[in-house]
Structures are given as structure tokens and as C-alpha cells.
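Colleague: structure for the following, please:
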Amino acid sequence: MSRAYVTLSDSFEVKAFGLNGKPLPSMFARVPRVVATTADLDADKEQQIAMMGEGRRAQVERAFATTPLAKYLPSTRDLIVDSDDNLWVQHDPRASSKSVAWTVFSADGTMRATVLLPTALEVYEIGRDYVLGRYVDADESVPEVRWYALTRK
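Modeller: Just a heads-up that it's a prediction; the model follows:
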């Protein structure tokens, strides 16, 4: 990896920096802001519990009890650099969403694609022809390792 990336929650802008700290051109995608609902906050809480395990439910619920509802959902949730040095930026999913969009940028900042993946997938690695991660169904809380084939054009 030859860059460091930073994103803020209020817009779909990814700031890029060289490893020497020098700013590089930012990456943008036109993604509308989404008004947050109590259902979104509750879904986020349940997803955190599913990821951390039922044994930490009380701790997560205490943390969420003091979390005020934001006006908008964050624009992004996660950033991952794949094996070809492309940056994958996860959109923040709605409470009812079974899938979530990831916008893929090339190393030079050009938007290459939008890929839909399951919302409950915690992506660990993106290779040339696969996406690998841990899938946790919020209803069952049973983690599964999942591998998805990836075809690049």
C-alpha cells in the first residue's frame, strides 16, 4: 500500500495522503445523505452485538443508551485496500438493508465500480478474484466464514 486514507462521516469524500504525509487528490462519489431513524440506531446496535458476541450485549446496550440519534447516517462505514491497490469504500447501510454498496476507486482516484455485498458481512480481505469475510446473521449470532467469487472487467 502506497497511500493512507481518511474519510469523514458527513460526505462521501476520501482524503488520500502519501506515506510521507503529503496530501494527494481526494476521491469523491455522489451519494445522497440519508436521514437517520431509531430503527437504524437499533439495527446498528444489534449488528455490533452480533459481531462482538452475545456475552457483550449489556456493554453494547449501555454504550448505545447514551448515544444520541444523529440527523444523518454516516456516509461511509469501512475502507479496505484490495490486492490490486484499489480502495473499497463501504456505504453506511440502512437498518432494513440486506445488502450494502461498496464504491471501488483505483489508486489514481478514478471510480471503477459499485459492488453490492451482504450487510452482515465483515470483509477481511479482497483479492484479485474473491472477497473473504465473516458473516454474522443478527438473528442467529452464529459467525460463518464466507468467500465470494469476484469477476473484474
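Colleague: show the end-to-end separation of stretch 116-126, please.
Modeller: Using C-alpha to C-alpha, to the nearest Å, one end of stretch 116-126 lies 14 Å from the other.
Colleague: what does that stretch rub up against?
Modeller: Where contact means C-beta atoms under 8 Å, 6 or more residues apart in numbering, the residues beyond stretch 116-126 that reach it are 47, 50-51, 78, 80, 82-83, 88, 90, 93, 97-102, 131-138, 146, 148, 150. Placement of C-beta: from N, CA and C, glycine included.
Colleague: if we use 6 Å, what do you get?
Modeller: Counting by C-beta atoms under 6 Å, 6 or more residues apart in numbering, the neighbours of stretch 116-126 from elsewhere in the structure are 80, 82, 93, 97, 99-101, 132-137.
Colleague: can you check stretch 35-55 too?
Modeller: Contacts for stretch 35-55 (C-beta under 6 Å, 6+ apart): Arg57, Val60, Phe64, Leu69, Ala70, Tyr72, Leu73, Ala95, Val136, Ala138, Ser141.
Colleague: of the contacts of stretch 116-126 - the most surrounded one?
Modeller: Each of the contacts of stretch 116-126 was scored by neighbours using other C-beta atoms under 10 Å; the highest score is Pro93's, at 22 neighbours.
Colleague: pretty sure that one is in a helix, no?
Modeller: No: Pro93 is assigned coil when assessed by DSSP: H, G, I helix; E, B strand; the rest coil, not a helix.
Colleague: which helix is the longest one in this structure?
Modeller: helix 38-52 (DSSP state H).
Colleague: okay, buried residues for the helix or strand of the chain with the lowest mean pLDDT please.
Modeller: For the chain, the helix or strand with the lowest mean confidence is helix 38-52, at a mean of 83 (criterion: mean pLDDT, DSSP states H and E). Using 16 or more other C-beta atoms under 10 Å as the burial criterion, the residues of helix 38-52 that qualify are Asp40, Leu41, Ala43, Asp44, Lys45, Glu46, Gln47, Gln48, Ile49, Ala50, Met51.
Colleague: show me the strands in this structure, by range?
Modeller: When assigned using DSSP state E, the strands of the chain occupy the ranges 3-7, 13-18, 23-28, 76-81, 87-91, 99-105, 111-118, 121-126, 130-136, 143-149.
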